[in-house]
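Asks: Structure of the sequence below:
(one chain, ligands or ions: 1)
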Amino acid sequence: MKMPDPDPSILARREEIAGNLRKIVPGEGVILSSQELRVYESDGLTAYRQPPLMAVLPENTEQVSQVLRYCHEEGVKVVPRGSGTSLSGGALPVADAILLCMGKFNQVLEIDYDNRCTVVQPGVTNLGITKSVEGEGFYYAPDPSSQIACSIGGNVAENAGGVHCLKYGLTTNNLLGIEMVLIDGTILRFGGKHLDSAGYDLLGLMTGSEGLLGVVTEVTVRILPKPETARALLLGFPTSEEGGDCVAAIISDGIIPGGMEMMDKPAIQAAEAFVNAGYPLDVEALLIVELDGPQAEVDYLIDRVSDIAEKSGAVT
Ligand SMILES: Cc1cc2nc3c(=O)[nH]c(=O)nc-3n(C[C@H](O)[C@H](O)[C@H](O)COP(=O)(O)OP(=O)(O)OC[C@H]3O[C@@H](n4cnc5c(N)ncnc54)[C@H](O)[C@@H]3O)c2cc1C
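Replies: Now for the predicted structure:
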């Protein structure tokens, strides 16, 4: 991919810009050396690589505000970055832009079990939120496969979701409030510790905006009590169409599984060769249906889904 041509006047002012940003983020907060910038030259979409003008690692909201205001006034572009796992090139640097890395915003600020929410800095990992509350039997529901590494700030910017989102929603359905900074340095707060704040849905606007509208500096999300139990059904079908029909039949029966994923034959073979999970290799499609909730409800749903699967042509 051809990256945009950089503005030569910005490249020529690199040292001056770095000097001014170091006054805002002192110490090792501004990275200029080409060796150190190598780790920032791409995100999860590794086919594209481009070192940024420099990387800036602020430690608090006031520094973010001053960095953005300076860049805005000086005409310097800014690309925010969380953990850099985006597969859409969202955190891909540009040669004449600073990369604003939010990794130092890594603290859980408050856990409010009474209101079932937690307030965290944007660099906290998705799994880190669950880890911080699981001792009390709670968890954070949206679970992208990258949850061990991706940041909650990146989740907000990409509206990330995972296998449990059919029942529990994407980031947008679990986000209660944010603090964010506009490109002119203005610090704003939307939402709070409750769903559906009055007024325009500015949280919804920010969710999925890929860092283009501002930099998120604090996030409040819902936490949920862990389900009493969870069980999974592994269903094999002679054709992918029958597997797909089974999905439609489960949903049209009014059942919302905690998770539901389908693999076709090449995916089954690849997964089995890698993890030796014991998947049947003689079917064309596998459907994994996870049911969670109170024990009695899960027992009932397991029977119900088994019946539906049999009628849809399941062979295992
Ligand atoms: C192996 C793998 C599996 C994945 N599985 C899933 C999955 O199941 N579901 C899913 O939805 N995604 C998945 N992803 C994609 C990715 O992990 C998510 O999009 C995640 O939300 C990105 O978070 P991040 O912290 O890495 O953000 P980055 O990659 O650093 O940035 C992503 C975007 O967010 C912006 N951004 C980051 N932090 C902030 C901030 N504080 N304020 C404003 N903007 C910000 C960036 O500018 C960029 O546009 C996967 C990626 C990998 C590599």
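
Asks: Buried residues in stretch 277-286, which are they?
Replies: 279, 283-286 (16 or more other C-beta atoms under 10 Å). (C-beta placed from N, C-alpha, C; glycine too.)

Asks: Those: which two are farthest apart?
Replies: 279 and 284 (12.4 Å; C-beta to C-beta).

Asks: Is residue 316 in contact with residue 243, as I believe?
Replies: No: applying C-beta atoms under 8 Å as the test, residue 316 and residue 243 come out as separate, 11.6 Å apart.

Asks: Between the two, which is the more surrounded one?
Replies: Higher neighbour count among residue 316 and residue 243: residue 243, with 24 against 12, using other C-beta atoms under 10 Å.

Asks: Nearest spatial neighbour of the more buried one, chain-adjacent residues omitted?
Replies: Nearest residue to residue 243 in three dimensions, chain neighbours excluded: residue 285, at 3.6 Å (C-beta to C-beta, 6 or more residues apart in numbering).

Asks: now the helices: where do they sit in the stretch 151-300 of the chain?
Replies: Assigned by DSSP state H, counting those that start in this stretch, the helices in the stretch 151-300 of the chain fall at 152-158, 165-168, 171-174, 202-206, 240-252, 265-275, 295-311.

Asks: could you dump these to JSON lines with mean pLDDT?
Replies: Converted to JSON lines, those look like this (pLDDT from 0 to 100):
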{"stretch": "helix 152-158", "mean pLDDT": "98"}
{"stretch": "helix 165-168", "mean pLDDT": "94"}
{"stretch": "helix 171-174", "mean pLDDT": "97"}
{"stretch": "helix 202-206", "mean pLDDT": "95"}
{"stretch": "helix 240-252", "mean pLDDT": "97"}
{"stretch": "helix 265-275", "mean pLDDT": "96"}
{"stretch": "helix 295-311", "mean pLDDT": "97"}
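
Asks: which one of those helices is the most hemmed in?
Replies: Most buried of those, by mean neighbour count (mean count of other C-beta atoms under 10 Å): helix 152-158, with a mean of 29.

Asks: Pull the CA coordinates from that one and hand them back as PDB.
Replies: This file holds the C-alpha atoms of helix 152-158, laid out as PDB (Å, rounded to 0.1, in the frame of the first residue of the first chain):
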ATOM      1  CA  ILE A 152     -10.100  -1.100  26.600                       C
ATOM      2  CA  GLY A 153      -9.400   2.300  24.900                       C
ATOM      3  CA  GLY A 154      -8.700   0.400  21.700                       C
ATOM      4  CA  ASN A 155     -11.900  -1.700  22.300                       C
ATOM      5  CA  VAL A 156     -13.900   1.600  22.600                       C
ATOM      6  CA  ALA A 157     -12.300   3.000  19.400                       C
ATOM      7  CA  GLU A 158     -13.000  -0.300  17.500                       C
END
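
Asks: so what does it touch, helix or strand wise?
Replies: helix 126-133, helix 171-174, strand 215-222 (3 or more C-beta pairs under 8 Å, 6 or more residues apart in numbering; DSSP states H and E).

Asks: if we compare the ones you listed, which one ends up closest to residue 201?
Replies: Closest to residue 201 of the helices and strands packed on helix 152-158, according to C-beta to C-beta: helix 171-174, at 9.4 Å.

Asks: Excluding chain neighbours, what is closest to residue 136?
Replies: Distances taken as C-beta to C-beta, 6+ apart place residue 113 nearest to residue 136, at 6.0 Å, with adjacent residues excluded.

Asks: Near that neighbour, how many other residues are there?
Replies: For residue 113, using other C-beta under 10 Å, the count is 13.

Asks: Just the pLDDT for it.
Replies: You'll see residue 113 listed with a pLDDT of 98.

Asks: where's it relative to residue 161, distance?
Replies: 24 Å (C-beta to C-beta, to the nearest Å).

Asks: correct me, but residue 88 touches residue 157?
Replies: No: Residue 88 lies out of contact with residue 157 (C-beta under 8 Å); the separation is 10.3 Å.

Asks: what residues do the two have in common as contacts?
Replies: Common contact partners of residue 88 and residue 157 (C-beta atoms under 8 Å, 6 or more residues apart in numbering): residue 210.

Asks: Just list whatever residues bridge to the closest residue to residue 192 other than its chain neighbours.
Replies: Spatial nearest neighbour of residue 192, excluding adjacent residues (C-beta to C-beta, 6+ apart): residue 177 at 4.7 Å. Note on residue 177: beta-bridge partners residue 191, residue 220, judged by DSSP bridges.
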